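Visitor: below is the sequence, then the predicted model.
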Amino acid sequence: MAASMPLSRRAWWLAAPLLAIVSFAVLLPFIWRNASLLGQCAMGQDCAAAELFSDDYYLQALLNTVWLSALSTALALLIGLGAAVAVAQRPQQHGVVSLLAGLGANFAGVPLAVALTLLFGAQGLLSAGLAGVGLSINLYQSSGLLLAYVCFQVPLATLLLLAPVRLLDGALLEAALTLGATPALFWRRVGLPLLLPSLVEVGSLLFANAAAAYATPFALSGTAANVLAVRIASLVSGDIFSQPEISALLALVMFVMLVAVIGGGRLLAARLRRFA
């Protein structure tokens, strides 16, 4: 009977215990907490949402999270796609690149912060050389956070794009070259349109990965890193006093943003595949 059951139904049955645990341990408390807070606002009581949306500091954290995630995602897609195309042209390097990309995608948090500090810190190995040509990287500002995000986003993008690029039929490029098209024209008119659904899906995952990053910005700048994940954690622990109500609302904002990005990416990718 199990063999005759559709694959999708079997997958749901296998995932049911995990989904139940997530629902009871994470989703239900999260929904109950935020429903209580929003209910207080609706009844005209003291409302944490009013403080949240009237404080530019929290709004700036949201903007910082969005632009850091968007820009690091764009750079990661550009570099990762180039790396995946290069690997597709040299299949013998696929195993090595996959291994290194897997290691790089997980090289975040404290190890990455320590590595960047050793390279670009005040006494870093590369700081003196950059200062000699009039350049400097401040790891404790937005540019430093962007560099850190790109360091773990690029390997993840490469890892996720290896399979879609390998599935691209190489005969298409050969046929285009035979007909007189240049490689640039092929990628603009054929290659990129075929890969666009995969790029959209990978881009949504990369955005979510960057927006939810906590260990890397906290390891670099501590609570001074004004991004949503750090603000949520700092409001729970509290440098001076905790504000769990605002932390819960910020978590709700992040949840809605990530669901919109990932869900919108899946829907857009499905529509692009339908019309491809």
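Guide: Yep, that arrived. Since the structure is predicted, the reported quantities are computational estimates derived from the model, not experimental observations.
Visitor: now the closest residue to residue 253 other than its chain neighbours: how far from residue 22?
Guide: In this structure, residue 253 finds its nearest non-sequential neighbour in residue 62, 6.7 Å apart by CB to CB, 6 or more residues apart in numbering. Quick note: C-beta positions are derived from backbone N, CA and C, even for glycine. Separation of residue 62 from residue 22 (CB to CB, to the nearest Å): 25 Å.
Visitor: so which bits of the longest helix along the chain are buried?
Guide: Taking DSSP state H as the criterion, the chain has its longest helix at helix 56-89. Residues of helix 56-89 classed as buried: 58, 61-62, 64-66, 68-73, 75-77, 79-81, 83-85, 87-88 (neighbour count, 16 or more other CB atoms under 10 Å).
Visitor: for the record, mean pLDDT for it?
Guide: Taken as a whole, helix 56-89 has a mean pLDDT of 92.
Visitor: next: stretch 234-250.
Guide: 76.
Visitor: cool, stretch 21-34 as well?
Guide: 71.
Visitor: all strands for the stretch 101-250 of the chain, in order.
Guide: Ranges of strands in the stretch 101-250 of the chain, per DSSP state E, counting those that start in this stretch: none exist.
Visitor: any low-confidence regions in it?
Guide: Low-confidence segments of the stretch 101-250 of the chain (pLDDT under 70): 169-170, 238-241.
Visitor: hang on, the residue nearest to residue 253 packs against residue 252?
Guide: No - using CB atoms under 8 Å, residue 62 is not in contact with residue 252, being 12.0 Å away.
Visitor: identify the residue nearest residue 138 in space, chain neighbours excluded?
Guide: residue 144 (5.5 Å).
Visitor: what's near enough to touch the one you found?
Guide: Each residue near residue 144 by CB atoms under 8 Å, 6 or more residues apart in numbering is listed here: 116, 120, 137, 138, 220, 221.
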